[in-house]
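Undergrad: Structural data only, the sequence is not supplied:
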């Protein structure tokens, strides 16, 4: 363990706040909200991005189905109401992480504009930054990839209300970042996001 | 396509994990769960502790009624069931922060042993560290302090089911840290906790 960041710290009266944590970490917290079809590449991009950011000494945290649906949202099902509450809670958690100074990588299909906009709104209300990353992949391509075999099950009627098959995906009208994941490499996608983070001073430009 | 899928697998093999973040931050994530009567001093200690830890270059995040009840748990009331769900969700969030490498300072009356033990359990199940800090203040003393005027309202019957008045506080049988907040200064309390964190290698000993 090292104390290498201590020298950046300036003391003042009052509670430790978001700005203090920004200074401590040398980064500004932000939620990168990856939305797109199942199989579009959301998690793949998030995993690659977190690795790159780690190599730059940045603190990230990924929120995805694995650590959400089995944890805080294990008492939610897949009704319309529960799916909306699922996204709401994730948004609230992401906001807390941003307040803590962390770069949050949230990967959820989140097919409805109203739910995504609510997450954006609750960030904005708290002065927390929110960046919508549309991972745009054609349904054909996503279905060909079908990494979890879910499209096959949906086509067979074994899964109901599956986004893209018998439930809609509402395309984000104005995402901050639009990635054509069926036309770009993961490395290119990561580069686009890193450049965005630098240009908007979430991480240092160098 | 085939190439991109194998890239996917490659990246997943190299996911950034909790140990990586521990190394990055120079600290080990842990939840410090402050439990005790209203007015016992939980938040006061947490605020003082976070200042001290910040001076040591450590990343902390406080969870308390302000950022929880108004956010993720704003759809919960004060029924027995909702109070239990309140604590459960806070526990799940704290666990995610610990996984991210953060030192979490959670200040909630959390009067029931079963709820606190559930939070301990869900940390343990995920290999996350949990430290129960019993902020032990006599009811007489807490009621004399009454910083928010809540005891007065409870005695007047304006608040029902108030912990210590007409609802029980179950004393933690085996807290990791036991602070007699009616007999210690805040500075002494902070020292006790800092020493604990050092002795258990959550922060460096120096």
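TA: Yes, it's here. Everything quoted here is computed from the prediction, not taken from an experiment.
Undergrad: drop to CA atoms for contacts and neighbour counts, all remaining ones
TA: OK.
Undergrad: now chain A, which segments are flagged as low pLDDT?
TA: Within chain A, the segments meeting pLDDT under 70 span A:1-13, A:206.
Undergrad: thought residue A:39 was touching residue A:150?
TA: No. Judged on CA atoms under 8 Å, residue A:39 makes no contact with residue A:150 at a distance of 9.1 Å.
Undergrad: neighbour count winner among the two?
TA: More neighbours surround residue A:39 than the other of residue A:39 and residue A:150, with 24 against 16 (other CA atoms under 10 Å in any protein chain shown).
Undergrad: residues touching the more buried one, list them.
TA: Contact partners of residue A:39, counting by CA atoms under 8 Å, 6 or more residues apart in numbering or on different chains, are A:142, A:143, A:145, A:146, A:147, A:148.
Undergrad: what's the neighbour count on the fourth one?
TA: It refers to residue A:146. 15.
Undergrad: In space, what's closest to it - neighbours in sequence excluded?
TA: Once flanking residues are discounted, residue A:146 sits nearest to residue A:39: 5.7 Å by CA to CA, 6 or more residues apart in numbering or on different chains.
Undergrad: for the second one, same thing?
TA: The shortest distance from residue A:143 to any residue that is not its chain neighbour, by CA to CA, 6+ apart, is 6.0 Å, and that residue is residue A:151.
Undergrad: For that neighbour, what are phi and psi?
TA: Residue A:151 adopts backbone torsions of phi -60, psi -40, taken as degrees, to the nearest 10.
Undergrad: Have a look at chain A and report its longest helix.
TA: With secondary structure taken from DSSP state H, chain A has its longest helix at helix A:80-100.
Undergrad: most centrally placed residue in chain A?
TA: Nearest to the mean C-alpha position of chain A, counting by CA atoms, centre = their mean, stands residue A:106 at 2.3 Å.
Undergrad: residues making contact with whichever strand or helix holds it?
TA: Assigned by DSSP states H and E, residue A:106 belongs to strand A:103-107. If you take CA under 8 Å, 6+ apart as the criterion, strand A:103-107 is touched by A:28-35, A:42-43, A:46, A:50, A:58-65, A:94, A:97-98.
Undergrad: can you rerun that using 7 Å?
TA: For strand A:103-107, the external contacting residues (CA atoms under 7 Å, 6 or more residues apart in numbering or on different chains) are A:29-35, A:42-43, A:46, A:59-64, A:94, A:97-98.
Undergrad: just stretch A:61-80 next, same as before
TA: A:82, A:86, A:102, A:103, A:104, A:105, A:106, A:107, A:108, B:89, B:92, B:100.
Undergrad: Would you indicate which residues of that stretch are buried?
TA: Neighbour counts using 16 or more other CA atoms under 10 Å in any protein chain shown place A:61, A:62, A:63, A:64, A:68, A:71, A:72, A:73 of stretch A:61-80 among the buried residues.
Undergrad: Going along the chain, name the helices of chain A.
TA: All helices of chain A, identified by DSSP H, fall at A:18-25, A:42-55, A:65-68, A:80-100, A:113-125, A:139-145, A:150-155, A:186-199.
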